[in-house]
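Q: sequence and predicted structure, then a few things I'm wondering about:
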Amino acid sequence: MTRIVKSDERVAVELTVNGERERVYIEPTRFLAEVLRHDLALTGLKVSCGMANCGACTVLVDGMPVYSCITLALDCEGRSITTIEGLSQGNDLHPVQRAFIEHDAFQCGFCTSGQILSMTALLEKNPTPDEGELRHNMSGNLCRCGAYVKILQAGMSLSGAERGE
Amino acid sequence: MNFDIAFPQTFDEAISANENGARWFAGGTDLIPLLKSDFVHTTRLVNLKRVDELRGVVETNDSVRIGALTTLAELAGHELIRAKYRALAQACDLAASPQIRNMGTLGGNLNQASRCPYYRNNFPCYLHGGDKCFMRDGENREAAVIGYHDCVHVHPSDPANALVALDAQIVVRGREGERTIAAQEFFRAPDANDTRMNVLNADEMITEIILPNDSENTRSVYVKAMDRAVWTFALASVAVKLEIRERSAGDSTRLETACVVFGGVAPIPYRELRVEKMLSGKEWNKDLVTQGKFAVLQDAEPLAHNAYKIRLARGLLKRALRECLENA
Amino acid sequence: MPKLVKTKVENEGRVTEEFTWVETPKTTVWDVEEELRVVGKPIARVDGVERATGAAKYTTDIQLPRMVHGKFLRSPHPHARIVSIDASEAEQMPGVRAVLHAFNLASNRFSSTRDFFQNPVRFVGDEVAAVFADSDNLARAALKTIRVEYELLPYVLDAESAAQENAPQVTPNGNLLDGKPSTYTRGDIEKGFAQADVIVEGVFTTNAQIHSSLETHACAVDWDGKMLTVWESTQDVEGIKDRVARHLKLDKTRVRVIASYIGGAFGAKFGAGKYTLLAAQTAYQLKRPVRFVLDRRGEQIAAGQRSPTKQYLKLGAKKDGTLTALEMTHYTNVGAYATWSPFVEGPARELYACPNLQTTGYTVFTHSFPFAAFRAPGFVEGTFALESMMDELAHKLQMDPLELRMKNYSSVHPESGKPFTSNGLLDAFQEGARAIDWETKKRRKQEDGIVRRGVGMASQIWYGAGAPPAYAMIRVNHDASATVLTASQDLGTGTKTILCQIAAEELGLPFERIGVEIADTQMGPFAGASGGSMTAASVGPAVREAAADAREQLRHIAATFLKKRVKDVRIENGIAKARGVEKPLAEIFRELDNLQVVGHGSRYPNPSAYEIRTFGAQFVEVAVDVETGEIRVERVVASHDSGRILNPLTVSSQVEGGVLQGIGFALLEGRVVDASGVALNANLEAYHVPTIADAPKIETHMIDRADVLANNLGVKGVGEPPIIPTAAAIANAIYDAIGVRFYDAPITRDKVLDALERMEIGA
């Protein structure tokens, strides 16, 4: 049977966010970015264009970077979502976060959560990216301040390719 | 934005859920921004993501079948596609951004709306049901130079060009059942009377893309020119498929057949038959590229600001051929 | 005893007079060779963890209960009289709290030149009405119901056309700022050209560059009956405080402005926006928190841009390269509301020792998009033209372009004749030329393959002196850690970090023991706006003074404890030391329980006998594909003199960011405007800011030498200089590669391909 959620209907949706099961009550037109930022107060991701043109809203859905500003929250039922808040364990930062700080891979910081999540996903998939692969896989996150050179340095410092692995 | 969402699990459910004014919804990378822009409206999204029949890449004896919901990222990274249909893998990899490739599907990509700036700014143009093309005499740097009718927009899809070059078949399904259409016949140039960009009817969806099982002598490539290094639509692009053979032992290598399809220059993936003919049967070596004349897009009727596309197309073709030579 | 001083303040070439309250200096300038412990070290940002974990709270992250959301309705016409507005449907929608427009606003005056809701509207995007509603979506839905009747009026979009006599009128005072062009003359221009052996002329255009900050202009306002708190993504918390207080007729002490984190600014975020004041008055009236965030389209069309220019240049020189005359006229399209002009003629007037010079600047009102300062306003545009023209002159003289520039180097300021406090231009030439291997590369024969490489360079001059007034406090806390307090801002440049470094250095505390509270008018003393590359050299010296004040107090306290004379006590790494005895400050403070020490500091006036400028040069290698017109910037060597480098890590970030935006300006970014006045690329899809794949290798080579005459740190600004020479250096490198000069920025593929076709190069 085809399930139909009506436009004015508010339905319960279960998401796993940063390892925690969350239940939110939402209409079908709600986007993941808003639900995370507003309903769950996870404001680390940013909404800058709302049109999938910039990358500030990047989160990982089942480990894969997506633009949460155009992802319908209802479509994420049962899926595992990682936001920047979920990367560090208490005070222990994720290696990508540490590399960004050490290499000064941000300026204003507005795009940073998206940058870090994109890089985290890439390194999960490919622990030894070369600079070209970093550029290719990080190209969906705009940084208007132009921290790219440092982002590449941060990425290369984590790449096994750099360490000769 | 005010819509229901239907979650069918099979083809049949999907087709019956597609009632008046409903829209197919897969990756949503184009449709959602259109809905947010508030000039495309719908009462219902028919969410195809749970229709498992639409997924996967399957190799059969005489073809490779790609489910329409396969994402661009999956295709770009798919070993078989990369090995046998390189142009398609490259076209998927050069489209948009990593996140969009993770979300966007092949079916959706082929059925995306125009990126014409006038359309996207809601000018009352043909594509919006109006009676004028604003780009023709306006800011037409990105417009078509050939193959256009009333509307001078260009088709935005990268994979579309590769699929035409690779002689793909597109399987579509609607209330009346299934039909299979050659990729080349699938796309159409919008005109005042019919503004569709392809031959799909409102109730139809793309279910599968079928690629012929080409011989080992086939190679293909996709080259794209953009306003910046990545994440922009093509100013022009080219998909090339070549069949190269040594006719007999000791004989020189020859280009048996060539298929050349330009993107970004027309409202459809534009097949350049003259150049194909010129290339076919030629000796396959560097001289072909360096000495060839490549009078591409000879029938072009460029507008005020887009004649550069002709030279660009020629340059891209040469680069594509060179890449084929180097990857031999 | 402190004294009151009135002093001249120069910011981006505009001079004002300011009062400042200065105490007897407690510091002397750190010498060029001074061994410093913390300052000058590549220290990671003090707020890096917040920025990397999502903990940093930006204005757009502020969510308060019962928050109301504001949205603008914008004009679809470039020039039209609003005949009527019917907002009745919106007003009746449940959850809509206010609908404001020209016909119902009690006071419609926004600024000296602008109403909140202009009538007639003067560009496509001008604000027509504002809706405040319980949700963003509801506000948007309400906007759609507002019916506006327009009477269309004639319009003009282009500056040169608007400057003509019979052009449609943009403002009641005509189409020129100040009613006439601004002119400057030195020497005798005609005589200068008569003396010239060689003359070159060129007409240049530069397109608009849009800041495109990822955080759009935004504010959140909360009124609790006593205090109005404004969170604003701004470069100037004090300016917002003033403006909001005046608008609401509140005492300034009852307005608090916070800008803890700012998601990009680049010059567009000075002063309160219409949205700020309307949000403030609505919050005040409704007694509910209000959030007003510009949407992306609003940001791209109504929040400012680097204005398009058209520049006519003519240069005359002797055979040996000595400039004899420079003539420059520009038309700068500032939209309908500008109150000042970008200093496009600045580089022509200041960079070279040309005795005969004449500039004419038409700052033109049009029915186009509004101007706002954008990182080195005027100088980016002006340097593109001037330094391209200089390159052309060098080629005509068959001279090395670098040598031509050295030939015309001015050791004193060419207008005032005053010496500079420091001038590292020649050092920057030398360092940059060495790093890129200029000597070899400029002699390289033009390549004839498909991909052709070339090298080019350009120079830079800019302000960045810093100035009073700027004040700071240092609070030494109960655990002998210290906090820097000042109402400055950190735009992502690393201001917080350098202020902590300065305080740590002067206090003798470890860097880790210093905290900082800035960008909150309730926390710190006045420190001025962050712009004009002014922050480090304005606020930094005040922080050092405050730290010195606190350190003196600490020495007194420690002397009592150590039973030594004050003059024998020093503080090193948090430990008070005097001959043979030492005690950590933390222990002293523990024993003293709630002791707290506060140091004060203020920024001194700049020396009046000197000019203060930043200098630099960039060298660029490009590769041009003559078949596809693709230009790749492969390598940029940026050599700049900004005095002492406080933190080489964050400075290189500033340089890289400036270069990247310079590359955007040179090759990618431009506004596409239809003849109807509509911006066709008011989004981040079709407006192309550089991506990571566009980033070349960028090497920062700072001439790290303290400017000991400038201020007690020896520092000059660094935020703007690196964007200035990039575009000209790229254009010059392209010329070197393919022998084609481009006069129009951005140099996009279509222009390259058309030129290659015209010149019959390649394919």
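A: Structure received.

Q: what parts of the stretch 651-763 of chain C come near chain A?
A: C:652-654, C:656-661, C:683-685, C:689-693, C:695, C:697-698 (Cβ under 8 Å from any Cβ of the partner chain). Glycine gets a C-beta too; all of them are placed from N, C-alpha and C.

Q: repeat that for 6 Å
A: C:653, C:656-657, C:660, C:684-685, C:689, C:691-693, C:695, C:698 (Cβ under 6 Å from any Cβ of the partner chain).

Q: farthest pair within the residues you listed?
A: Among these, the pair separated by the greatest distance (Cβ to Cβ) is C:653 and C:685, at 26.6 Å.

Q: more neighbours, these two?
A: residue C:653 (26 against 21; other Cβ atoms under 10 Å in any protein chain shown).

Q: looking at this, that one is in a helix?
A: Yes - the assignment for residue C:653, made by DSSP: H, G, I helix; E, B strand; the rest coil, places it in a helix.

Q: that one touches residue A:106, doesn't it?
A: No - using Cβ atoms under 6 Å, residue C:653 and residue A:106 do not qualify as a contacting pair, with a distance of 8.4 Å.

Q: list, one by one, the residues from the stretch 51-200 of chain B near chain C.
A: Residues of the stretch 51-200 of chain B lying near chain C (Cβ under 6 Å from any Cβ): B:117, B:121, B:138-139, B:141.

Q: now do the SS call for residue 100.
A: Since you didn't name a chain, this refers to chain A. Look at residue A:100: counting by three-state DSSP, its state is helix.

Q: so who does it touch?
A: A:116, A:154, C:52 (Cβ atoms under 6 Å, 6 or more residues apart in numbering or on different chains).

Q: dump the residues you listed into JSON lines; add secondary structure as well.
A: Shown next, in JSON lines, are these (three-state DSSP):
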{"residue": "A:116", "secondary structure": "helix"}
{"residue": "A:154", "secondary structure": "helix"}
{"residue": "C:52", "secondary structure": "helix"}
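
Q: between those, which sits nearest residue C:81?
A: Distances from residue C:81 to the contacts of residue A:100, taken as Cβ to Cβ, are shortest for residue A:116 (50.5 Å).

Q: for the closest one, which non-adjacent residue is closest in space?
A: Nearest non-adjacent residue to residue A:116, counting by Cβ to Cβ, 6 or more residues apart in numbering or on different chains: residue A:96, 5.2 Å away.

Q: residues near whichever residue of chain A sits closest to chain C, how many?
A: In chain A, the residue that lies nearest chain C is residue A:44 (2.0 Å; Cβ to the nearest Cβ). By the criterion of other Cβ under 10 Å, residue A:44 has 24 neighbours.

Q: quick check, pLDDT for it.
A: On the pLDDT scale, residue A:44 is placed at 98.

Q: I'd say it and residue A:86 touch.
A: No - if you go by Cβ under 6 Å, residue A:44 and residue A:86 don't touch, sitting 9.1 Å apart.

Q: number of nearby residues for the residue of chain C found nearest chain A?
A: Here chain C gets closest to chain A at one residue, residue C:54, 2.0 Å apart by Cβ to the nearest Cβ. Residue C:54 is flanked by 25 other residues according to other Cβ under 10 Å.

Q: contacting residues for it?
A: For residue C:54, the contacting residues are A:44, A:84-85, A:113, by Cβ under 6 Å, 6+ apart.

Q: and which of these is nearest to residue C:69?
A: Nearest to residue C:69 among these, counting by Cβ to Cβ, is residue A:44 at 21.2 Å.

Q: so how far is residue A:139 from the closest one?
A: 21 Å (Cβ to Cβ, to the nearest Å).

Q: how about the strands in the stretch 201-328 of chain B?
A: B:205-212, B:218-225, B:236-246, B:253-263, B:270-271 (DSSP state E, counting those that start in this stretch).

Q: so can I have CSV of those showing mean neighbour count?
A: Listed next are these as CSV, based on neighbours: other Cβ atoms under 10 Å in any protein chain shown:
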stretch, mean neighbour count
strand B:205-212, 23
strand B:218-225, 24
strand B:236-246, 24
strand B:253-263, 23
strand B:270-271, 24
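
Q: do you know which of the ones you listed lies nearest chain A?
A: strand B:218-225 (13.6 Å).

Q: same for the closest one, what does it pack against?
A: Here strand B:218-225 touches helix B:86-94, strand B:236-246, helix B:308-326, going by 3 or more Cβ pairs under 6 Å, 6 or more residues apart in numbering or on different chains; DSSP states H and E.

Q: just say which of these is most tucked in.
A: helix B:86-94 (a mean of 26; mean count of other Cβ atoms under 10 Å in any protein chain shown).

Q: sorry, back to before: show me the residues of the stretch 51-200 of chain B next to chain C that map onto helices.
A: Using DSSP state H, the subset of those located in helices is residue B:117.

Q: most neighbours, which of the residues of the stretch 51-200 of chain B next to chain C?
A: Counting neighbours by other Cβ under 10 Å, residue B:117 comes out on top of those with 27 neighbours.

Q: got the contact list for the closest residue to it other than its chain neighbours?
A: Among residues not flanking residue B:117 along the chain, residue C:680 sits closest, at 3.9 Å (Cβ to Cβ, 6+ apart). Contacts for residue C:680 were tallied using Cβ under 6 Å, 6+ apart; they are B:117, B:121, B:139, C:672, C:674.

Q: a markdown table for the residues you listed, including pLDDT?
A: Converted to a markdown table, the contacts of residue C:680 look like this (pLDDT from 0 to 100):
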| residue | pLDDT |
| --- | --- |
| B:117 | 98 |
| B:121 | 97 |
| B:139 | 98 |
| C:672 | 98 |
| C:674 | 98 |
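
Q: with that, I have no additional questions.
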